[in-house]
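[1] I'd like to go over a predicted model; first the sequence, then the structure.
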Amino acid sequence: KRGRRHFALRVESADAARKLLVQRGVTIRETTPIPGAERFFIADPDGNRIEIIEWKDTSEIRPVGATA
């Protein structure tokens, strides 16, 4: 059984990413919405899940190692 672990790629526009991927024949899997984000999943050729996410509110996002 495959696990649910995955990594995410942050994009500026989930709608633009979705459109481009669909145009290129990539299967999109919609998922449960989360507040403040637009997201969906794709899979690599080996079936690994990849989350594509656009954060609508980026005020809480900080680079790794950054302090408040």
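    Sure, I can see it.
[2] from here on, just use CA atoms for contacts and neighbour counts.
    Will do.
[3] ok, and the closest non-adjacent residue to Arg10?
    Ile53 (5.0 Å; C-alpha to C-alpha, 6 or more residues apart in numbering).
[4] let me redo that: Arg4
    Arg4 sits nearest to Arg49 (C-alpha to C-alpha, 6+ apart), 7.7 Å away.
[5] my read is that that neighbour contacts Ile42, right?
    Yes: counting by C-alpha atoms under 8 Å, Ile42 is a contact partner of Arg49 at 6.0 Å.
[6] you'd agree Leu9 is in a strand?
    Yes: counting by DSSP: H, G, I helix; E, B strand; the rest coil, Leu9 is located in a strand.
[7] distance check, it against Lys19.
    16 Å (C-alpha to C-alpha, to the nearest Å).
[8] before we move on, what about Asp44?
    17 Å.
[9] which residue packs closest to Ala14, ignoring adjacent ones?
    Distances taken as C-alpha to C-alpha, 6+ apart put Glu54 closest to Ala14, at 5.4 Å, once the chain neighbours are dropped.
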